[in-house]
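# Show me the folded form of this:
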Amino acid sequence: MSEAKHEQFGFDDSPDAEVTEYRAVCGLAVVGSIAGIAAALAMVHPVLWAVPAAGIVLSVAALWRIDRDALVGRKAAVAGLILSVLFGSIAPADWFTYRRLVDGEAKRFGIQWFDLLRRGEMLKSYQLKEPPDSRPPLDDRLWEKYQPGSMERAALQDYLDRAEVRSLLALGTRARVRYYDTEGHSRVGGADQVSQVFAVTTGEPGRETSYFVRLDMQRYTDNHTGRAYWQLVDFQGAVRPRALGGEEAEREG
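Next up is the predicted model:
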């Protein structure tokens, strides 16, 4: 076929045209773009922060291969890189902000438990150990649930017999309580579990003595109202905080 006919029917026999037409697609670019989309999972849990990290590595590797081997897929690789960097930046910031808010709520809840005992309101303090959906109103009829001989009364007595409770009731307002440290924070089954240590100090300035109490608390969220409820799961006195070389309370989760 003559050159004139080639031009008439739109044919182009130049080497550059063949290269453009038959350039292969970079597989890493496709995988990197998929990883970028999946990077949104990083908002669910810190364990999934590995997804955007993998997306960044794959997308950068894809761009390098595209430049080296003249492959197709630059837009997909760039999109994967942008999404991975975006979610890889937002997820940790969102998680740490949420954790700080939850830790602050736990701190206020823990101080509330100590204050009730310091004021001698032992029955009200016990209610904080009850599941939020089964707590009776904190009114004058509260004692009616704890009749002598009942299982509720026995459980209450076990609580009042614990050394940590007896000590705080005995010290009363002479005990000064302050938050010391958060030793554990995890999320299990839609509930936040927080372990915090509080310092209890007594005595005159210069002659003060202190001991530490660890509270294990759990936070539930009502799916209908969005309101959060806290429960005191357990407590332990005379502990050595992890920051001072004590045993680890709970691993991060």
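
# where along the stretch 151-253 of the chain do the strands fall?
Using DSSP state E, counting those that start in this stretch, the strands of the stretch 151-253 of the chain run over 176-188, 191-202, 209-221, 228-237.

# counting contacts, what elements does the third one pack onto?
So that's strand 209-221. Contacts defined by 3 or more Cβ pairs under 8 Å, 6 or more residues apart in numbering; DSSP states H and E place strand 209-221 against helix 74-118, strand 191-202, strand 228-237. (C-beta placed from N, C-alpha, C; glycine too.)

# so which of the ones you listed gets nearest Tyr180?
Tyr180 lies closest to strand 191-202 among those, at 4.5 Å (Cβ to Cβ).

# so for that closest one, what's the average pLDDT?
For strand 191-202, the mean per-residue pLDDT is 93.

# Ala154: which of the helices and strands packed on strand 209-221 is closest?
Comparing those by Cβ to Cβ, strand 228-237 comes nearest, at 18.1 Å.

# How about residues contacting that closest one?
105-106, 109-110, 113, 128-133, 162-164, 167, 193, 211-222 (Cβ atoms under 8 Å, 6 or more residues apart in numbering).

# Pull out the buried positions in that strand.
Neighbour-count burial for strand 228-237, with 16 or more other Cβ atoms under 10 Å as criterion, is recorded at Ala228, Tyr229, Trp230, Gln231, Leu232, Phe235, Gly237.

# Same list, those, but as TSV with pLDDT please.
Shown next, in TSV, are the buried residues of strand 228-237 (pLDDT from 0 to 100):
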residue	pLDDT
Ala228	85
Tyr229	90
Trp230	93
Gln231	93
Leu232	95
Phe235	94
Gly237	91
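
# Please identify the most buried of the helices and strands packed on strand 209-221.
strand 191-202 (a mean of 20; mean count of other Cβ atoms under 10 Å).

# Can you show me the CA trace of that strand as CSV?
Provided in CSV are the C-alpha atoms of strand 191-202 (Å, rounded to 0.1, in the frame of the first residue of the first chain):
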residue,chain,number,x,y,z
ALA,A,191,-17.5,-1.0,74.2
ASP,A,192,-14.5,1.0,75.3
GLN,A,193,-12.5,-0.5,78.2
VAL,A,194,-10.3,1.8,80.1
SER,A,195,-7.9,1.1,83.0
GLN,A,196,-6.8,4.2,85.0
VAL,A,197,-4.8,4.7,88.2
PHE,A,198,-5.7,7.3,90.8
ALA,A,199,-3.5,8.4,93.7
VAL,A,200,-5.2,8.7,97.2
THR,A,201,-3.3,11.0,99.5
THR,A,202,-3.8,11.7,103.2
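
# ok and that strand relative to strand 209-221, angle-wise?
Going by axes from the mean of the first three to the mean of the last three Cα atoms, to 10 degrees, strand 191-202 is angled at 160 degrees with respect to strand 209-221.

# Strand partners (parallel or antiparallel) of strand 191-202?
strand 176-188 (antiparallel), strand 209-221 (antiparallel) (DSSP bridges).

# okay, and for this structure, where does confidence drop off?
Applying pLDDT under 70 to the chain picks out residues 1-22, 247-253.

# ok, and the closest non-adjacent residue to the most centrally placed residue in the chain?
Centroid check for the chain by Cα atoms, centre = their mean gives Arg99 as the closest residue, at 5.2 Å. Nearest residue to Arg99 in three dimensions, chain neighbours excluded: His185, at 5.9 Å (Cβ to Cβ, 6 or more residues apart in numbering).

# For that neighbour, name its beta-bridge partners.
With DSSP bridges as the rule, His185 is bridged to Val194.
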